[in-house]
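Colleague: Kindly generate the corresponding structure for this input.
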Amino acid sequence: MSTVAKDSTGGAGHQAGGDPRRWIALGVLTAMQFMLIMDVTVVNIALPQIKTDLHFSDQNLAWVVNAYVLTAGGFLLLGGRLADLLGRRRVFMTGVLIFGLASAACGLATEPWMLIGGRFVQGLGEALAGPAALGMIPVLFPDARERTKALGIWGGMAALGGALGSVIGGTVTDLVDWRWIFFINIPVVLWALLAVPRVLGESKMVRAGQRIDVVGALSATGGLVAVVYGLLEAADHSWGSSTVLVPLLGGIGLLIFLVAWEARTPDPMIPLRFFANRTRVTSNVASMAMLAGFHTYVFLLTLYLGGTLHYTPLEIGLSYIPLTIAMGAGMSLSTALMPRIGVKAVAFIAFLGSAVALVVAGSGLSPDAAYTSGVLPGLVLFGFFNAVGYPALINGALHQVTGQDAGLASGTQTAMQQVGAALGLATMVPLALRSVEDKIHEGTAPASALADGFATGIYVAAGILVVATVLTLLMEKVSTDKRDALAEAANAAAAATQQTDKPTTADELSPTHN
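Modeller: Numbers count the residues shown, from 1 in each chain. From the prediction side, this is the model:
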């Protein structure tokens with residue numbers, strides 16, 4: 001069996017060294033990724049209005065957020081591998097189409113089940129489109145320096161999508177209607193569907209007798225879905241309850257089975273050699289920590305602004321604008337610094353700075369804090385250092401990845417981000433809320449209890465980022481030398497062919513064009 005990266009870009013991929021369309025293609029991919037990530041947080045501020053209009057119960061309302069995170073986090077690895085095997089452009093466009101149709105269904109929902117169902121399908125669209133898009137970047141940019149810049153832009157735009165979700169959600173909900181937080185996705189979806197065939201060709205693995213690993217796909221997807229579901233349920237139930245333990249232990253069991261299966265099957269969906277690189281493993285674990293801290297902070301700060309300082313949805317949305325500006329600055333600095341001081345140093349600075357920023361943010365919370373002195377310093381510092389980290393983590397997650405594994409690498413990294421988000425919301429947010437309850441029982445005034453409890457959750461997130469800071473020291477040097485992912489994939493295929501004494505045809509080692 002031999003697998004190589006097959007490129008049929010007609011110029012946009014194979015000729016990436018000089019074809020200006022690669023930057024147009026990157027613009028399309030990053031714009032779509034911006035929307036995919038934005039939809040994780042865009043509904044947060046709209047939840048009270050959604051609850052009133054569609055008559056949600058308190059318990060079911062959480063699934064407006066959870067359905068998206070659960071499906072996206074569970075299916076990302078499968079989506080990444082399908083993109084490698086079936087074609088990254090094809091899977092990307094399929095995912096974008098599913099996401100767009102689901103967005104329209106969410107905006108038109110008249111019953112709770114319709115909105116929750118639409119959010120499940122939206123998550124599936126992200127699981128297909130996100131890894132496929134990120135997997136095309138190593139093929140579009142074989143030069144390491146250009147690829148570092150492209151991944152920096154990608155990571156920064158994804159981070160801005162998560163940050164701007166609250167701004168856009170609050171503004172649209174207050175000035176128009178909550179349904180338009182879903183309808184605004186549709187123009188971007190249509191633009192992507194029209195533009196992609198013009199600026200992106202197909203790239204995928206050529207499969208010579210390879211079968212899709214159905215057992216591996218079901219085990220990976222089922223295990224991740226179960227783990228994420230268990231983490232989300234921990235927000236409302238104790239960790240010792242069967243509602244949390246059964247899916248968590250079942251998911252962990254499936255993932256252990258997956259490792260054993262992938263070590264023995266001849267055509268694994270997730271080759272275990274992929275996890276032999278400590279830089280990739282470290283980057284994925286650190287991504288979990290970064291996203292856990294980000295979502296914990298944004299969620300608790302939103303509750304604080306609305307519940308303690310009594311901001312309106314529009315005011316909450318506008319209060320996040322400095323965060324997005326700071327993230328833009330951090331993204332730009334990260335992209336400029338990585339070729340000079342290296343990915344490892346940038347990641348270390350980002351995590352240490354983010355941890356310090358969360359300490360500053362937590363210390364500024366009080367029942368009568370002023371926005372400029374209490375909220376703004378931590379908001380700006382965290383936004384800046386958080387954005388510095390994303391491009392570095394994405395570069396680390398794709399370290400020494402050949403064209404044949406690009407979708408798997410991107411799917412793994414994005415899956416870890418979703419699991420990290422779920423982990424933060426399922427552990428640190430309940431911890432903060434329980435701290436609030438304990439302080440109220442002790443006689444603390446409710447406003448002070450809210451501020452102190454939320455600060456506790458943010459401090460815990462800071463501690464996790466300190467641990468992640470230490471982990472970044474395990475990263476190797478990420479090379480900035482010129483590198484051709486297609487050539488590496490062809491060499492890997494040739495080596496595999498020699499080992500199996502199976503001839504590889506010239507067609508399998510040559511790019512083909514549509």
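
Colleague: Could you look up the next helix or strand downstream of the longest helix seen in the chain?
Modeller: If you go by DSSP state H, the chain has its longest helix at helix 406-441. The helix or strand immediately downstream of helix 406-441 is helix 446-471, counting by DSSP states H and E.

Colleague: same for that next one, what does it pack against?
Modeller: On a contact count with 3 or more C-beta pairs under 8 Å, 6 or more residues apart in numbering; DSSP states H and E, helix 446-471 meets helix 278-307, helix 343-363, helix 406-441. Using the backbone N, CA and C atoms, a C-beta is placed for each residue, glycine as well.

Colleague: Any buried residues in the longest helix of the chain, and which?
Modeller: Within helix 406-441, the residues scored as buried using 16 or more other C-beta atoms under 10 Å are 406-433, 435-436, 439.

Colleague: just stretch 343-352 next, same as before
Modeller: Across stretch 343-352, burial judged by 16+ other C-beta under 10 Å covers 343-352.

Colleague: could I get these as JSON lines with pLDDT and distance to residue 368?
Modeller: Output for those, formatted as JSON lines (pLDDT from 0 to 100; distance: C-beta to C-beta, whole Å):
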{"residue": "343", "pLDDT": "85", "distance to residue 368": "43"}
{"residue": "344", "pLDDT": "87", "distance to residue 368": "43"}
{"residue": "345", "pLDDT": "89", "distance to residue 368": "41"}
{"residue": "346", "pLDDT": "90", "distance to residue 368": "38"}
{"residue": "347", "pLDDT": "90", "distance to residue 368": "38"}
{"residue": "348", "pLDDT": "93", "distance to residue 368": "37"}
{"residue": "349", "pLDDT": "94", "distance to residue 368": "34"}
{"residue": "350", "pLDDT": "93", "distance to residue 368": "32"}
{"residue": "351", "pLDDT": "94", "distance to residue 368": "32"}
{"residue": "352", "pLDDT": "95", "distance to residue 368": "31"}
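
Colleague: sorry, back to before: nearest to residue 399, out of the helices and strands packed on helix 446-471?
Modeller: Among those, helix 278-307 comes nearest to residue 399, with 4.5 Å by C-beta to C-beta.

Colleague: Okay, angle between that closest one and helix 446-471 too, please.
Modeller: 170 degrees (axes from the mean of the first three to the mean of the last three C-alpha atoms, to 10 degrees).

Colleague: Please identify the buried residues of helix 278-307?
Modeller: Buried residues in helix 278-307, defined by neighbour count with 16+ other C-beta under 10 Å: 279-306.

Colleague: Centre of the chain to that helix, how far?
Modeller: 11 Å (C-alpha atoms, centre = their mean, to the nearest Å).

Colleague: Over to stretch 298-309?
Modeller: Per C-alpha atoms, centre = their mean, the displacement of stretch 298-309 from the mean C-alpha position of its chain is 23 Å.

Colleague: and it, average pLDDT?
Modeller: For stretch 298-309, mean pLDDT rounds to 84.

Colleague: can you give me the angle the longest helix of the chain makes with helix 278-307?
Modeller: Orientation check (the same axes, to 10 degrees): helix 406-441 against helix 278-307 gives 40 degrees.

Colleague: returning to what we had before: ok, so of the buried residues of stretch 343-352, who is nearest residue 337?
Modeller: Proximity of these to residue 337 (C-beta to C-beta) peaks at residue 346, which lies at 5.3 Å.

Colleague: The residue lying closest to the closest one once chain neighbours are set aside sits in which helix or strand?
Modeller: Nearest residue to residue 346, sequence neighbours excluded (C-beta to C-beta, 6 or more residues apart in numbering): residue 392, at 4.3 Å. Per DSSP H and E, residue 392 falls inside helix 376-397.

Colleague: what distance separates that helix from the centre of its chain?
Modeller: Its chain's C-alpha centre and that of helix 376-397 lie 14 Å apart, by C-alpha atoms, centre = their mean.

Colleague: just the CA coordinates of it, formatted as CSV?
Modeller: C-alpha atoms of helix 376-397 as CSV (Å, rounded to 0.1, in the frame of the first residue of the first chain):
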residue,chain,number,x,y,z
LEU,A,376,-10.1,46.6,30.6
PRO,A,377,-6.5,45.8,31.8
GLY,A,378,-7.0,42.1,32.1
LEU,A,379,-9.1,42.0,28.9
VAL,A,380,-6.5,43.7,26.8
LEU,A,381,-3.5,41.7,28.2
PHE,A,382,-5.2,38.4,27.9
GLY,A,383,-6.4,39.1,24.3
PHE,A,384,-2.9,40.1,23.3
PHE,A,385,-1.0,37.2,24.7
ASN,A,386,-3.7,34.7,23.9
ALA,A,387,-3.5,35.7,20.2
VAL,A,388,0.3,35.4,20.3
GLY,A,389,-0.1,31.8,21.1
TYR,A,390,-2.5,30.5,18.5
PRO,A,391,-0.2,30.8,15.4
ALA,A,392,2.6,29.2,17.3
LEU,A,393,0.4,26.3,18.4
ILE,A,394,-0.9,25.7,14.9
ASN,A,395,2.7,25.7,13.5
GLY,A,396,3.7,23.2,16.2
ALA,A,397,0.7,21.0,15.5
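
Colleague: Measure how it sits relative to helix 406-441, angle-wise.
Modeller: Going by the same axes, to 10 degrees, helix 376-397 makes 150 degrees with helix 406-441.

Colleague: If I take helix 376-397 and helix 343-363, what angle do their directions form?
Modeller: Using the same axes, to 10 degrees, the inter-axis angle of helix 376-397 relative to helix 343-363 is 150 degrees.

Colleague: What average pLDDT does helix 376-397 get?
Modeller: Regarding helix 376-397, the rounded mean pLDDT is 88.

Colleague: Same question for stretch 132-147.
Modeller: 76.

Colleague: Quote the end-to-end distance of that stretch.
Modeller: End-to-end span of stretch 132-147 (C-alpha to C-alpha, to the nearest Å): 16 Å.

Colleague: Tell me which residues of it come out buried.
Modeller: Buried, per 16+ other C-beta under 10 Å, within stretch 132-147: 132-144, 146-147.

Colleague: Let's see which of the residues you listed end up in helices.
Modeller: Using DSSP H, 132-140, 144, 146-147 are the members of the buried residues of stretch 132-147 that sit in helices.

Colleague: In TSV, list the helices and strands packed on helix 446-471 along with distance to residue 34.
Modeller: Shown next, in TSV, are the helices and strands packed on helix 446-471 (distance: least, C-beta to C-beta, whole Å):
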stretch	distance to residue 34
helix 278-307	16
helix 343-363	20
helix 406-441	14
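
Colleague: Which among those is found nearest to residue 234?
Modeller: helix 406-441 (4.4 Å).

Colleague: how many other residues sit next to residue 52?
Modeller: 10 (other C-beta atoms under 10 Å).

Colleague: er, residue 88 I mean
Modeller: For residue 88, the neighbour count with other C-beta under 10 Å is 33.

Colleague: circling back: which secondary structure elements does the helix holding residue 392 contact?
Modeller: For helix 376-397, the elements it packs on are helix 144-175, helix 278-307, helix 321-341, helix 343-363, helix 406-441, judged by 3+ C-beta pairs under 8 Å, 6+ apart.
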